[in-house]
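J.: give the three-dimensional model of this entry:
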Amino acid sequence: KQGRRRWYCKECHYSFTAIDDRQKHAQEFTKFLTYITTTTPKNLDQASTRTWDRAHAWCWHTRPAWQLTGQVHDQVFIDGTYIAYNWCVLIASTHEGMIAYQLCDRESKAAYLALLHRLPAPIVVTTDGAPGALAAIRQEWPTARVQRCLVHVQRNIRQVTTTRPQTKPHKALYKLALDLTKVTTPAAAIAWQNSLHAFHELYDDWLAEKTYREKTPLENILSFARKNKKWWYTHHPTRRIVGALDRYVKQGVLFTFLDSSLEVSTRLESTTNRLEGGVNAPLKEFLHSHRGWSESHLLTALDYWLYS
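T.: Residues are numbered from 1 along each chain as shown. Next up is the predicted model:
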């Protein structure tokens, strides 16, 4: 009468019915996936929230089955983002989408090693320059070429010059920052490096100016120089960022995406915008829409969201 299949044993002549919950569980799991992989609220179907939670409680104990293909990618983007409960999520993605992630407490070398160890070395790896990421790349992916994210380099310069620089050196340096992200050809890259060389010719003497402790009031002494320094460079922040640009040029990590000798089938990119705008930002929006989850529920939803 209830539409259940009846089973009969020919040996003991015993008959019984068995409930097949697979279809019911499949429907529950489909609703559960919709809830934890989108920003839509629970589909209650005229039931109470407690009834929904009780019916889908078993779903929280499941996890997706990640399978790494071993494919060697032309370009891999790596970056970390911080979420609730003091977790940091390290994400590796390609032009097609996310390929792996690693949970950790901070962007350390050990955390990045755990992420990179699961993936074959790509031809080019793009990073924002986190020290832990660079150290892990040197150890785990020594054959991969590094591309520093030009937007992050520009942002670091802007922190020193501001968007409205007042001095001539800062105006020239800010112009270099704006021109950096406009480089799209080898000729433009050479022109940018020539501009950096011209900056040195004009302002190296300015960068070399020194401030002496004996001539400086105590309240004006910078924090890093208060203990044992008798002098320091007057324009220390500017000198540091210019030195970083010189180092990037020497290492050849600014314009790797323009290297025609690389055997790649896709167009290389100069920033991590594809990862930050395509994965990190939607992830933050998704977690914000479901704020209030317990730590275990958040990690389960994170696993399914990244898998999807």
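J.: ok, for residue 305, nearest residue in space, not its chain neighbours?
T.: residue 37 (5.2 Å; CB to CB, 6 or more residues apart in numbering). Using the backbone N, CA and C atoms, a C-beta is placed for each residue, glycine as well.
J.: would you list the phi and psi of the one you found?
T.: In terms of degrees, to the nearest 10, the main-chain angles of residue 37 are phi -120, psi 0.
J.: can you give me the neighbour number for it?
T.: 15 (other CB atoms under 10 Å).
J.: doesn't residue 302 make contact with it?
T.: No. Taking contacts as CB atoms under 8 Å, residue 37 lies outside contact range of residue 302: 10.3 Å.
J.: quick check: which element contains residue 102?
T.: strand 98-104 (DSSP states H and E).
J.: for residue 305, give me its contacts.
T.: Going by CB atoms under 8 Å, 6 or more residues apart in numbering, residue 305 touches 36-37, 283, 286.
J.: ok but residue 80 is inside a strand, no?
T.: Yes. Remark: residue 80 belongs to a strand, assigned using DSSP: H, G, I helix; E, B strand; the rest coil.
J.: which SS class is the closest residue to it other than its chain neighbours?
T.: In space, and not counting its chain neighbours, residue 80 is closest to residue 107: 4.3 Å by CB to CB, 6+ apart. Following three-state DSSP, residue 107 is assigned to coil.
J.: so how many other residues sit close to residue 106?
T.: Residue 106: 14 neighbours (other CB under 10 Å).
J.: residue contacts, it?
T.: Going by CB under 8 Å, 6+ apart, residue 106 touches 88, 132.
J.: ok, residue 103 next?
T.: Taking CB under 8 Å, 6+ apart, one finds 87-90, 299 in contact with residue 103.
J.: highest neighbour count among those residues?
T.: Top of the contacts of residue 103 by neighbour count (other CB under 10 Å): residue 90, with 25 neighbours.
J.: so who does residue 47 touch?
T.: Residues near residue 47 by CB under 8 Å, 6+ apart: residue 55.
J.: please report the distance of it from residue 56.
T.: From residue 47 across to residue 56, the span is 11 Å (CB to CB, to the nearest Å).
J.: ok, residue 139 next?
T.: 43 Å.
J.: direction included, what does the strand holding residue 102 pair up with?
T.: If you go by DSSP bridges, strand 98-104 pairs up with strand 87-93 (antiparallel).
J.: for the stretch 51-200 of the chain, what spans make up the helices?
T.: Counting by DSSP state H, counting those that start in this stretch, one finds helices in the stretch 51-200 of the chain at the ranges 109-116, 131-140, 150-161, 168-180, 186-207.
J.: in JSON lines, list these along with distance to residue 14 and mean pLDDT.
T.: Compiled in JSON lines, the helices of the stretch 51-200 of the chain are given as follows (distance: least, CB to CB, whole Å; pLDDT from 0 to 100):
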{"stretch": "helix 109-116", "distance to residue 14": "55", "mean pLDDT": "96"}
{"stretch": "helix 131-140", "distance to residue 14": "61", "mean pLDDT": "96"}
{"stretch": "helix 150-161", "distance to residue 14": "72", "mean pLDDT": "96"}
{"stretch": "helix 168-180", "distance to residue 14": "80", "mean pLDDT": "96"}
{"stretch": "helix 186-207", "distance to residue 14": "82", "mean pLDDT": "96"}
